[in-house]
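everything below, folded, please.
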Amino acid sequence: MIKRFIYEFSLYFCNNWINKIPSHSIRLMYYRTVMGYKLDKNSSIFMHTTFCCAKNFSLGKGSIINSYCRIDQRGCLEIGENVSIAPEVIIVTADHEVNTPDFKGRERKVVIHDYVWLGTRSVILPGITIGRGAVVSAGAVVTKDVAPYSIVAGVPAKMIAIRSADLRYDTTYRRLFQ
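Residues are numbered from 1 along each chain as shown. Down below sits the predicted model:
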């Protein structure tokens, strides 16, 4: 009972206090030490991002998660290097099996490879892999894996174009009070 209370309190503190501190250093220190997240020193998680649990989360070099994102990593979430996640993106790794009488829960890993760009308010559903260099447009709902360098849009997301494979940029970015 005490372990559960400490766990729930640390998650509450993470989502209601820590995520509002305007200092990357303090937030990332808490995320690493208390929540057990694997975060590269050059990655950024902006204010007001919320998480569903401790552990099960890695964020690669130079990757950025903008403000007001909802990160559900119960089923494990791996984000590669130089990934740009726009504001208000939702990434889900757990859901329920709709055709079971007991509404059974399930967890499925999400993998987002290097140089992916997720547009504002896009939604990534459980079990998805997004290939290197892919772009998910704003508002898209990703229900199937996205091939490398694909540009997808819509609900459900469908491929609309191919992105250049010549990607060499660095998305490392920190604002003073974000």
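
which SS state does the spatially most distant residue from the centre of the chain fall under?
For the chain, the largest distance from the centre (Cα atoms, centre = their mean) belongs to P101, which lies 30.5 Å off. Three-state secondary structure (criterion: DSSP: H, G, I helix; E, B strand; the rest coil) places P101 in coil.

for S44, name its beta-bridge partners.
Counting by DSSP bridges, S44 is bridged to I64.

from F51, how far out is it?
From S44 across to F51, the span is 15 Å (Cβ to Cβ, to the nearest Å). (Glycine included, C-beta is placed from N, CA and C.)

kindly export stretch 135-154 (C-alpha atoms) in PDB.
As requested, the backbone C-alpha atoms of stretch 135-154 are provided in PDB (Å, rounded to 0.1, in the frame of the first residue of the first chain):
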ATOM      1  CA  VAL A 135       6.200  13.100 -41.200                       C
ATOM      2  CA  VAL A 136       2.800  12.900 -39.600                       C
ATOM      3  CA  SER A 137       0.700  15.900 -40.500                       C
ATOM      4  CA  ALA A 138      -1.200  18.000 -38.000                       C
ATOM      5  CA  GLY A 139      -4.400  16.400 -36.800                       C
ATOM      6  CA  ALA A 140      -3.600  13.000 -38.300                       C
ATOM      7  CA  VAL A 141      -4.600   9.800 -36.500                       C
ATOM      8  CA  VAL A 142      -2.000   7.000 -37.100                       C
ATOM      9  CA  THR A 143      -3.600   3.600 -37.000                       C
ATOM     10  CA  LYS A 144      -1.000   1.700 -39.000                       C
ATOM     11  CA  ASP A 145       2.800   1.700 -39.200                       C
ATOM     12  CA  VAL A 146       4.300   4.500 -41.200                       C
ATOM     13  CA  ALA A 147       7.000   3.600 -43.700                       C
ATOM     14  CA  PRO A 148      10.300   5.500 -43.600                       C
ATOM     15  CA  TYR A 149      10.300   9.000 -45.300                       C
ATOM     16  CA  SER A 150       6.500   8.800 -45.800                       C
ATOM     17  CA  ILE A 151       4.300  11.900 -45.200                       C
ATOM     18  CA  VAL A 152       1.000  10.900 -43.900                       C
ATOM     19  CA  ALA A 153      -2.200  12.900 -43.200                       C
ATOM     20  CA  GLY A 154      -5.900  12.400 -42.400                       C
END
